[in-house]
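Asker: sequence plus the predicted model coming up.
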Amino acid sequence: MRRLTLRTVALGYLALILLGPLSVVFWRAFEKGFGPAWNAVTTPEAMHAFQLTLVIAAIAVPANTIFGVLCALLIVRHPFPGKGLLNALVDLPLALSPVVVGFALFLLYGRTGWFGSWLSGHGIQVLFALPSMILATAFVSIPFVVREVVPVLREIGTDQEQAAETLGASQWQTFRRVTFPAIRWEVAYGVVLTTARSLGGYGAVSVVSGRLAGQTETATLYVSDRYENFDIVGAYAASVVLALMAIVVLLTMNLLRPKEGVH
Amino acid sequence: MGIHVEGVTKRFGSFTALNEVSLDVQQGSLTALLGPSGSGKSTLLRVIAGLERPDAGRVTISGEDATGVAPRKRGVGFVFQHYAAFKHMTVRGNIAFGLKIRKRPRAEVRARVDELLALVQLQPFADRYPSQLSGGQRQRMALARALAVEPKVLLLDEPFGALDTRVRGELREWLHRLHDEVRVTTVFVTHDQEEAMALADQIAVLHDGRIEQVGSPRDLYDQPQTPFVMSFVGAAAQLGERWVRQHDLDLRLEPTAGALEARVERIARLGFEARVELQLAGSGTVWAQMTCAELNRLELERGDTVWVLADRARVFAESS
Amino acid sequence: MPRLARPLTLLAAAFLVALPTLAASAAGKSANLTLVAYSTPKASYDQIIPAFEATPEGSGVTFGTSYGASGTQAAAVIAGLKADVVNLSLQPDMTNLVNAGIVSGSWSSKRQSRYHGMVTNSIVVFVVRSGNPKKIRGWNDLLKPGVDVITPNPFTSGGARWNVMAAYGAWRKAGLTHKQAVANLTKLFRHVSVQDTSARNALQTFLSGKGDVLLSYENEAYAAKKLGQPIEYHSPARTILIENPVAVTKTTANPVQAAAFVSYLFTPAAQKLFANNGYRPVVKSVFKQYTSVFPTRNLTIFNITDRLLGGWKKAQPQFFDPKTGIMAKIEAQVGGVTG
């Protein structure tokens, strides 16, 4: 009886919060049939938005993966003054409003910003171009790999790494052959979360993108643009594509994950 | 040649783990670092391996100064108390690790691993993962892994510490035979004096970050230099200034010159041996160790008065 | 480990596929104009830009467009958003660009344009639910108990500032003193339940079912009605004439093409396209063709330069200075955002 109630409550909550809105998105997208939805997401602007989103993710995710693992190693394996600060700093993007992040980039890279004037003097456009969108995306998605990897690094301890060292392995060999295999599922999960966040990021990117249609419009910006211009099918169809991207990422993750209890 | 440790000091914050420790380990010997927890024995082993950097002093391995040398270049094999098995590799992968790092030809690696698998009797388990092995098997795998790279010295940190008593005994025997076979200079850390006595040619007793005494098991037992060594290596009782081993206490039924009067408090028969707890007339208690046969001869009972003779007691200089 | 390598390879592949396309779109820069505009004229430009591209002056010219709240867009351009042509909701936002050195100070002079740089006109109207259930017709109706008003935030939205000036001006025209008009304005903002960042967002909010009346551009109301939304709109008897400025930037790399495009916006052809999307044409001959769509009779349509308002030069600091303006004080009283 109690089990049944628990199940009802848990599933009911999920249906209400997750499934409901998601099914409405799918329903509205295909309300007028598959054709209009397909046409809406294959316009040059829509295609460009999806491509841009993928490019941003393709740069921000690997960068955050590499630096996330480095940060985790630094936090767990190399005590240094200010370690607590770094640890807290990593979580900042979770607490900070993405819009604030966007405005911070604005101040740094704006025409009159700290770096902006020098950069634009050298013909480098950061704000309202791909670089700032990557920066904004990387900023808001940095905690995930670090937060996944830190606990497992603590848990596995240093014994295996020291064993590898006494067996002749260099730091890099130790990392590649011993540390990384031990943390790879956490890294992979961190990558999935980072990717999901990168694909779905809105606030920070919307501030720094300039929202140039067909140029600096990511998929989420495109969705909001379509919605604001009363293109309901376009907005929901693009949302469906975004949702499918996220689902593919999560499914890939589940397929990669080893069957539990193999070793 | 072997290992030469000279004046090594290591501090962790305000705690001094090693205080100007010096030690010589003979080539091909089997040496035990014996001491209670916190005595610095593991730290000394890790300093030899290069896993800890000493604050002062020098470490020489096979005649070469190793003090500033990275662990991976010291040519040491290290076996950790909790095995430090590479969990994502099979037994074969674990043992082959050091050889693969050295980029040895595949065929050679295979042959060498097979040889080691035979040596540690793990052939049937070659393709298993560490989580599918027992503790003893894991420790043998860790040993084979360390031996694979043909280290100049083999260092073992409490190698049997995490195993149950029966497996410990077996592994101890096995390690002894293994050492006879490979003859690699071996240093192991233990807090178990029986293990040290049973295995080692040479024992270094550590206490509070210093070496109290180095010697053969027999030397340490028969000629302890300090009360700590006497009481830690085999049991000992204190009678005023004098220290004596319990089996050296001689019980008489009549008053004897130089003997202390005592009352029998309790008698425990442990099969071959027996223990007699005594309340000394002055103050304090000691127990005497004897064979059950001797106890029968004395016909002692609880409450009897006896006279305790301690002819083979030792007196140590005040300084220690 | 090879199994983890796979998703990374996929990402890298996606990157490689997408990169050439992006590079291609950036490479067509030679005659590419970027139009940065406020939130509402997108539908018009979606028709005007292809029409311009079909003219001799426009052949070979391609466009990038960005639409958003007028104040936000002006700030972005000041921060470095590349823009060849800017079309903002109101003059003060353009003045900010002039002060930042991005737009020439003479953008509204007669020599630049016969229309003082104002490319479209509109008026502030009341958008209500079909049938006007709450019978909202005049400014005082907004102050009645239980009337829920939607207007965007005047510190980000140009449309909102027009709404404020329309309300204030209407009450002054009706004979109220400055003090009384400001008191009414305060009362009005107590009826405002949602302040969106842009006029378009405010319309979205209203269409989603929130509020009894939306203060909006006539063209926004027109566009929503045309889309078949269950609304109607009325002009109050006294309302303000909205004028939306356009200018070529000094920073443009293509001044000839940009100027040609701005000139084209004032041609009858372009003005008709604006009119078809609900804007009041600034070109008189075109406007005359649309008198049935854009009523003027029985309406008092006053200008921001009206003696009672004093033009944007006076009204902007007086009402919209983020610290000392009348609206900053009102927002503080009603708990709105002024940043």
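Answerer: Now that the structure is in, tell me what you want to look at.
Asker: ok, B:S216 - contacts?
Answerer: By Cβ atoms under 8 Å, 6 or more residues apart in numbering or on different chains, B:S216 lies in contact with B:D201, B:Q202, B:I203. Backbone N, C-alpha and C define where each C-beta goes, glycine included.
Asker: can you name the helix or strand that the nearest residue to the second one once chain neighbours are set aside falls in?
Answerer: Spelled out, it's B:Q202. Take B:Q202 and drop its neighbours on the chain: the residue closest to it by Cβ to Cβ, 6 or more residues apart in numbering or on different chains is B:T31, 4.6 Å away. B:T31 is part of strand B:30-34 when elements are defined by DSSP states H and E.
Asker: and what of B:R275?
Answerer: strand B:273-280.
Asker: other SSEs contacting the strand holding B:T31?
Answerer: helix B:41-49, strand B:185-190, helix B:193-199, strand B:202-207 (3 or more Cβ pairs under 8 Å, 6 or more residues apart in numbering or on different chains; DSSP states H and E).
Asker: can you rerun that using 6 Å?
Answerer: Applying 3 or more Cβ pairs under 6 Å, 6 or more residues apart in numbering or on different chains; DSSP states H and E, one finds that strand B:30-34 makes contact with strand B:185-190, strand B:202-207.
Asker: the inter-axis angle of that strand versus helix B:41-49?
Answerer: 140 degrees (axes from the mean of the first three to the mean of the last three Cα atoms, to 10 degrees).
Asker: could I get the average pLDDT for strand B:30-34?
Answerer: What strand B:30-34 shows for mean pLDDT is 96.
Asker: and chain C, what are its domains?
Answerer: Using automatic domain parsing, the domains assigned to chain C come out as C:26-120+C:244-288, C:121-242+C:296-333.
Asker: just put those in TSV and tack on mean pLDDT, distance to A:V100 and mean neighbour count.
Answerer: As requested, the domains of chain C are exported to TSV (pLDDT from 0 to 100; distance: least, Cβ to Cβ, whole Å; neighbours: other Cβ atoms under 10 Å in any protein chain shown):
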stretch	mean pLDDT	distance to A:V100	mean neighbour count
domain C:26-120+C:244-288	91	15	20
domain C:121-242+C:296-333	94	15	19
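Asker: can you redo those domains as JSON lines with distance to B:F97?
Answerer: Converted to JSON lines, those look like this (distance: least, Cβ to Cβ, whole Å):
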{"stretch": "domain C:26-120+C:244-288", "distance to B:F97": "49"}
{"stretch": "domain C:121-242+C:296-333", "distance to B:F97": "60"}
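Asker: out of the ones you listed, the one nearest chain B is which?
Answerer: Chain B sits nearest to domain C:26-120+C:244-288 of all these, at 44.7 Å, using Cβ to the nearest Cβ.
Asker: show me the shaky parts of chain B.
Answerer: For chain B, the stretches with pLDDT under 70 are B:1, B:318-320.
Asker: thinking again about what came up before, for the strand holding B:T31, what is the distance to the chain centroid?
Answerer: Taking the mean of its C-alpha atoms, strand B:30-34 sits 5 Å from the chain's own mean (Cα atoms, centre = their mean, to the nearest Å).
Asker: before we move on, what about stretch C:308-315?
Answerer: Centroid displacement of stretch C:308-315 relative to its chain, using Cα atoms, centre = their mean, is 19 Å.
Asker: for that stretch, C-alpha coordinates in CSV please.
Answerer: This file holds the C-alpha atoms of stretch C:308-315, laid out as CSV (Å, rounded to 0.1, in the frame of the first residue of the first chain):
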residue,chain,number,x,y,z
LEU,C,308,3.1,70.1,-22.4
LEU,C,309,5.6,67.3,-22.9
GLY,C,310,8.6,69.3,-24.1
GLY,C,311,10.1,66.8,-26.5
TRP,C,312,12.3,63.8,-25.6
LYS,C,313,15.1,66.1,-24.6
LYS,C,314,13.1,67.1,-21.6
ALA,C,315,10.8,64.1,-21.1
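Asker: list of residues touching it?
Answerer: By Cβ atoms under 6 Å, 6 or more residues apart in numbering or on different chains, the surrounding residues in contact with stretch C:308-315 are C:Q91, C:P92, C:G169, C:R172, C:I304, C:T305.
Asker: chain A: which of these is nearest?
Answerer: Nearest member of the contacts of stretch C:308-315 to chain A, counting by Cβ to the nearest Cβ, is C:P92, at 19.7 Å.
Asker: next one: that closest one from A:E45, what distance?
Answerer: Separation of C:P92 from A:E45 (Cβ to Cβ, to the nearest Å): 31 Å.
Asker: ditto for C:R238
Answerer: In terms of Cβ to Cβ, C:R238 sits 42 Å off from A:E45.
Asker: could you list the domains of chain A?
Answerer: A:1-30, A:33-256.
Asker: would you turn the ones you listed into TSV with mean pLDDT, distance to B:M89 and mean neighbour count?
Answerer: Output for these, formatted as TSV (pLDDT from 0 to 100; distance: least, Cβ to Cβ, whole Å; neighbours: other Cβ under 10 Å):
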stretch	mean pLDDT	distance to B:M89	mean neighbour count
domain A:1-30	85	39	11
domain A:33-256	90	8	19
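Asker: and the strands in chain C?
Answerer: For chain C, applying DSSP state E gives strands covering C:32-37, C:62-67, C:85-87, C:118-129, C:149-150, C:192-194, C:213-217, C:231-234, C:238-248, C:280-281, C:300-302.
Asker: by contact count, what packs against the fifth one?
Answerer: It refers to strand C:149-150. The helices and strands touching strand C:149-150, judged by 3+ Cβ pairs under 6 Å, 6+ apart, are helix C:199-207.
Asker: ok, is stretch B:85-96 in contact with chain A or not?
Answerer: Yes: judged by Cβ under 6 Å from any Cβ of the partner chain, stretch B:85-96 and chain A are in contact via B:F86, B:H88.
Asker: what does that stretch contact?
Answerer: Outside stretch B:85-96, the residues that reach it (Cβ under 6 Å, 6+ apart) are A:160, A:178, A:181, B:109, B:113, B:116, B:122, B:125-130, B:138, B:141, B:144-145, B:148.
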